[in-house]
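>>> Prediction below, plus the sequence it came from.
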Amino acid sequence: MSAETMDGVFIDIELDEPAASDPELAKKLEEVCTVGIFKATENGTEIVPGQLDECVLCYLCSEAAPEGSLRIIKKYEN
Amino acid sequence: MIFYEYEARKIVELAGIPVTKYGFCQTPEEARKIAEEIGGPTVIKSQVLTGGRMKAGGVKFADTPDEAAAHAEEILKLEINGHMPVGVLVDPKAEVKQEYYASVVWDGTAKKPLMLFSDMGGIDIEQVAEEHPDHVGRGHISNLLPVGDYEAKQVIAATGVTGSQLNRATPILAKLARLFRENDMVLAEINPLAELTDGTFVALDAHMEMEGEAEGRQKKLLRKELGIAEDDTRDSYVPSEFEKNVKEIDAADHRGVIQGKDHGFEGNLGLVIGAGGGSLTLTDAVRSQGGKPANYSEIGGNPSVAKACGLAKEVLKKDGVEKIAVMMSIVSNTRVDIVARGVIKACLELGKDPAETIAIFRIPGAWEDEGNKILDYYGVEYCDRSVSLWDAAGRAVAKIQGAS
């Protein structure tokens, strides 16, 4: 199998501060995302690049985050 | 699950069908001993799960035990179609008056077992059915009710067989039908079923195939009677790198299902296909319109992007593949946008232009609009459910033929 992989071809996620540094929000995001895009760390939320394209567009993450602080970007939409 | 001939013979024997006094062995010395016990001319047959044994030199005749041992030694070293034999079968050379054909196959259309009989045995039944249709008798049997001898008799009589031959062949076909049902077979074939010069009937060769899903409840036959180990997978050929890789990708991720086969496929059009019988229909549709599929595949059950990408990449990496056709019947569980992401990503990761590489994308159903946005962005030709599977396959074939 090829080792060549590309991350975030279709989807990107932006998470603003201070939400990104909130450890409680990080736990919540890790819990709601069914495809493992978010990882909770001591410093807050870490986005896992390799999982971005698995986003199923359920928007549970944007509902869990403070309004307007998390944006799901579909790169294929102008 | 496919059985070796010596196992198929045993199954036939267990069902009460007469067989010759054969023996299975794995050394020339054992072959000599069996030939001595038989006490006459013998046939030494390679035990491999592939056809073409006779042509490859895997079947030889011996007049003496020494000759039988010598042939066994040669055959045990002989690879046939990539298969080494698990042993040889030593069989008496029978004095045959006439060869017949008897089988029971699963009829997927009628959803019932179908008995077949012909008075022209020893050759392919397909050839007999085509050239001498009046020499093939057919009859379905119930999935539930007991199989009566009269049902077998009707099938045999339809070929014109009468008298003692009819009376002797009838219980054999009826027993074959019973063993088919009791052992969850999808194929139970005796070819040839021989009428010997003394008027008796014996099974000279047998082919058996059991439904894979039934292995769990056929443990008595498989483990006790035949001694087949639990980890014996019985692949009828050595899986290719493509097949192994697809299996590995599928096993690594629980989301969705992918399967890939390329045994016997050498075309230039890769197929990423599936959904409710779609794979078979689409493969046939491509072939019937002059296309040359590079593989067979099945994708469904809402796979992840990684899984769809993995399958498409494996297809694209196959030698000779120029383009892929991504086609499914109508999907409800599987998401169109996820598959679109997967196949496009496969192209990009291999440095290929999705618009040039994907001959056609026809997956109507869940999240279709979202999928179309992705396909539009990358310039991939797609169509909706108003285009039939046949026409979509035709477009893919036309595109690849135009490109070659």
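Right, received. Where do you want to start?

>>> then stretch B:7-17 to PDB, C-alphas only?
These are the backbone C-alpha positions of stretch B:7-17, laid out as PDB (Å, rounded to 0.1, in the frame of the first residue of the first chain):
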ATOM      1  CA  GLU B   7     -13.100 -35.600  -0.100                       C
ATOM      2  CA  ALA B   8     -15.900 -35.300  -2.600                       C
ATOM      3  CA  ARG B   9     -15.700 -39.000  -3.200                       C
ATOM      4  CA  LYS B  10     -15.900 -39.600   0.600                       C
ATOM      5  CA  ILE B  11     -19.000 -37.400   0.800                       C
ATOM      6  CA  VAL B  12     -20.600 -39.400  -2.100                       C
ATOM      7  CA  GLU B  13     -19.600 -42.600  -0.300                       C
ATOM      8  CA  LEU B  14     -21.100 -41.500   3.000                       C
ATOM      9  CA  ALA B  15     -24.400 -40.800   1.200                       C
ATOM     10  CA  GLY B  16     -24.500 -44.500   0.100                       C
ATOM     11  CA  ILE B  17     -23.600 -43.900  -3.500                       C
END
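
>>> Need the mean per-residue confidence for that stretch.
Averaged over stretch B:7-17, pLDDT sits at 96.

>>> Now tell me what touches it from outside.
B:3, B:19, B:22, B:89, B:172, B:175-176, B:178-179, B:183, B:188, B:190, B:203, B:206-208, B:221, B:225-226, B:228 (C-beta atoms under 8 Å, 6 or more residues apart in numbering or on different chains). The way it works is simple: take the backbone N, C-alpha and C, and place the C-beta from them, glycine included.

>>> Stretch A:28-45 now?
Identification of contacts with stretch A:28-45 by C-beta under 8 Å, 6+ apart yields A:13, A:15, A:19-23, A:25-27, A:46-48, A:51-52, A:54-56, A:58, A:60-61, A:63-65, B:304.

>>> how about stretch B:341-352 against chain A, any contact?
Yes - Stretch B:341-352 comes into contact with chain A (C-beta under 8 Å from any C-beta of the partner chain), by way of B:341, B:344-345, B:348-350.

>>> Which of those residues has the largest number of neighbours?
The residue in the residues of stretch B:341-352 next to chain A with the most neighbours, by other C-beta atoms under 10 Å in any protein chain shown, is B:I344 (30 neighbours).

>>> in what helix or strand does that one lie?
B:I344 belongs to helix B:336-349 when assigned by DSSP states H and E.

>>> if I look at A:D12, how far off is A:D22?
For A:D12, the distance to A:D22 equals 20 Å [C-beta to C-beta, to the nearest Å].

>>> again, but for B:V43
Relative to A:D22, and taking C-beta to C-beta, B:V43 is found at 80 Å.

>>> These two: who's more crowded?
Ranked by neighbour count (other C-beta under 10 Å), B:V43 and A:D22 place B:V43 first, with 22 against 19.

>>> Next, the more buried one: secondary structure please.
Recorded secondary structure, B:V43: strand (DSSP: H, G, I helix; E, B strand; the rest coil).

>>> and it, what does it touch?
If you count contacts by C-beta under 8 Å, 6+ apart, then B:V43 has B:59-62, B:90-93 around it.

>>> Chain A against chain B: which residues are in contact?
A:1-2, A:4-6, A:9-10, A:35, A:53-54, A:56-57, A:74, A:76-77.

>>> Write a ChimeraX command that selects only the buried members of those residues.
Restricted to buried positions by 16 or more other C-beta atoms under 10 Å in any protein chain shown, the ChimeraX selection for these reads:
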select /A:9,10,35,53,54,56,74,76
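
>>> Closest one to B:K317 out of the residues of chain A next to chain B, please.
A:S2 (7.3 Å; C-beta to C-beta).

>>> rewinding a little: ok, of the contacts of stretch A:28-45, which come out buried?
When these are checked for burial by 16+ other C-beta under 10 Å, the buried set is A:13, A:15, A:19-20, A:22, A:25-26, A:46-48, A:51-52, A:54-56, A:61, A:64-65, B:304.
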